[in-house]
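>>> turn this into a model:
(one chain, ligands or ions: 2)
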Amino acid sequence: MVERIHFVPLGLANSDGVPPLELVVRLAAEAARLLGASCHVDPSPLDVTFSYDELRRQVWSTPVLARLASRPHPPGAVVVGVTSLDLFVPVFTFVFGEAQVAGPAAVISQHRLREEYYGLPPNPGLLLERLLKELLHELGHTQGLRHCADWRCVMSSAHTVERIDVRQAAFCADCARFLHNRSRG
Ligand SMILES: [Zn+2]
Ligand SMILES: [Zn+2]
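Numbering: from 1, shown residues only. Ligands and ions are numbered 1, 2, ... in the order given. Alright, predicted model coming up:
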């Protein structure tokens, strides 16, 4: 569905919120395996201080998408920002991620995907699985998909980690058909 993914770590000017490079590399490897996409990880983080809200202590994700989309990237590639900072859009208290619908940019946060956020012991395997599902979800949006009513589908909307966990790391038959038809033009 996506042939090329360019991963960019995001953080503040003081490096706060930059995700561990190893985590981004593992996510890229999983995406390459699952989607057969050519994945590249940018080793130098992008400073998103311009979109940081001091009062909310969160990053407004929409301007970050515009910044990512304006970076030079090959045609057909999707640029995915990955951060440990908490993300928001003004109508929601937080978002796990955001993407441009039928556009080249997406952003995902590991902040609320970590078990530690809920006072539980770290679970690196579960974190990677949740990140991968969030990645697939946002990639689906970049390919023009909207939210899906099938709660097992990775395109179903989720505002809790429990809802992410019941999703499969896969598109339902309808969403898969949409992506297939789109990629055939
Ligand atoms: Zn969505
Ligand atoms: Zn679906």
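>>> going forward, measure contacts and count neighbours with C-alpha atoms only.
Will do.
>>> does the residue most central in space within the chain count as helix, strand or coil?
For the chain, the residue nearest the mean C-alpha position is residue 108 (3.1 Å; Cα atoms, centre = their mean). Classification of residue 108 using DSSP: H, G, I helix; E, B strand; the rest coil returns strand.
>>> and residue 69, by the same measure?
Residue 69 - assigned by three-state DSSP - is helix.
>>> nearest residue to it other than its sequence neighbours?
Leaving aside its sequence neighbours, residue 69 sits nearest to residue 105 (Cα to Cα, 6 or more residues apart in numbering; 5.2 Å).
>>> just the strands in the chain please.
Assigned by DSSP state E, the strands in the chain fall at 4-11, 38-41, 46-47, 52-53, 58-60, 77-83, 87-88, 97-99, 105-109.
>>> just give me how far the last one sits from the chain centre.
Spelled out, it's strand 105-109. Put simply, strand 105-109 sits 4 Å off its chain's centre (Cα atoms, centre = their mean, to the nearest Å).
>>> what's that strand in contact with?
Residues from elsewhere that reach strand 105-109 (Cα atoms under 8 Å, 6 or more residues apart in numbering): 61, 64-66, 68-69, 78-87, 96-100, 131, 134-135, 138-139, 142.
>>> go with 7 Å
Strand 105-109 has contacts (Cα atoms under 7 Å, 6 or more residues apart in numbering) with 65, 68-69, 78-87, 96-100, 134-135, 138, 142.
>>> relative to strand 77-83, how tilted is that strand?
20 degrees (axes from the mean of the first three to the mean of the last three Cα atoms, to 10 degrees).
>>> where does the protein dip in pLDDT?
Along the chain, the model assigns pLDDT under 70 to residues 185.
>>> next, count neighbours for residue 43.
The number of residues packed near residue 43 is 12, by other Cα atoms under 10 Å.
>>> for ligand 2, what are the nearby residues on the chain?
148, 153, 172, 175 (Cα under 5 Å from the ion).
>>> most neighbours, which of the residues you listed?
Neighbour tally across the residues of the chain next to ligand 2 (other Cα under 10 Å): the maximum, 24 neighbours, falls on residue 153.
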